[in-house]
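> pasted the sequence and its predicted model underneath.
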Amino acid sequence: MSSLLSLQEENRILQQELSRVEDLLAQSRAERDELAIKYNAISERVREPKAIRDRMSPRWTWTGWRSGAVRTSGGSTRPRARAEQSAYKRKLQAYQEGQQRQAQLVQKLQAKVLQYKKKCGEVEQQLLEKATELEQERLT
């Protein structure tokens, strides 16, 4: 009976861990989507035709996202934008790899949960058989 309780407790713990990992996976997906949006914005900035950039008046300046880059009439942000783009590519790839590792962990945990459920079922069946045998012996 104690083995059945320990299996049930282990099953509960595995379910909690599975839930925690699924939450992490969802958070990782949200972060990946956010990075993809930022990557696309930077890609558009890099691909922006020179004619459009040159139409900006020399008095206009803008600050790049988090980079502190300021564009003026004489400066170019193309190298900085490319550097940001490659940095975001690396971050996006790292998040995707992390997400793959988390997905594999979720699959392993799900397999373990199924294994423990099967084992619990077997133990319960053995317990029922023993109870039936004892009841038969008691009656005879």
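Received, thanks.

> roughly how far is the helix or strand hosting L5 from the heart of the chain?
Secondary structure from DSSP states H and E places L5 in helix 2-47. The chain centre lies 4 Å from the centre of helix 2-47; the measure is C-alpha atoms, centre = their mean, to the nearest Å.

> how much space between L109 and A30?
Per C-beta to C-beta, to the nearest Å, L109 is found 21 Å from A30. (Glycine included, C-beta is placed from N, CA and C.)

> more neighbours, these two?
L109 (18 against 10; other C-beta atoms under 10 Å).

> and the more buried one, helix, strand or coil?
helix (DSSP: H, G, I helix; E, B strand; the rest coil).

> excluding its backbone neighbours, what's nearest it?
L18 (4.6 Å; C-beta to C-beta, 6 or more residues apart in numbering).

> contact partners for the one you found?
Contacts of L18 were listed using C-beta atoms under 8 Å, 6 or more residues apart in numbering, and they are V106, L109, Q110, V113.

> where's the residue nearest to E31 when sequence neighbours are not counted, which helix or strand?
In space, and not counting its chain neighbours, E31 is closest to Y95: 5.8 Å by C-beta to C-beta, 6+ apart. Element membership for Y95 (DSSP H and E) is helix 78-139.

> which secondary structure elements does that helix contact?
Counting contacts by 3 or more C-beta pairs under 8 Å, 6 or more residues apart in numbering; DSSP states H and E, helix 78-139 is packed against helix 2-47.

> and the helix it packs on, average pLDDT?
Average pLDDT, helix 2-47: 83.

> kindly calculate the angle that that helix makes with helix 78-139.
160 degrees (axes from the mean of the first three to the mean of the last three C-alpha atoms, to 10 degrees).

> tell me how many other residues crowd the residue nearest to E31.
18.

> wait, doesn't it sit right on A30?
No: taking contacts as C-beta atoms under 8 Å, Y95 lies outside contact range of A30: 10.1 Å.

> give me the neighbour count for T77.
Neighbours of T77 (other C-beta under 10 Å): 20.

> then R90?
For R90, the tally of surrounding residues (other C-beta under 10 Å) stands at 10.

> separation between it and E97?
11 Å.
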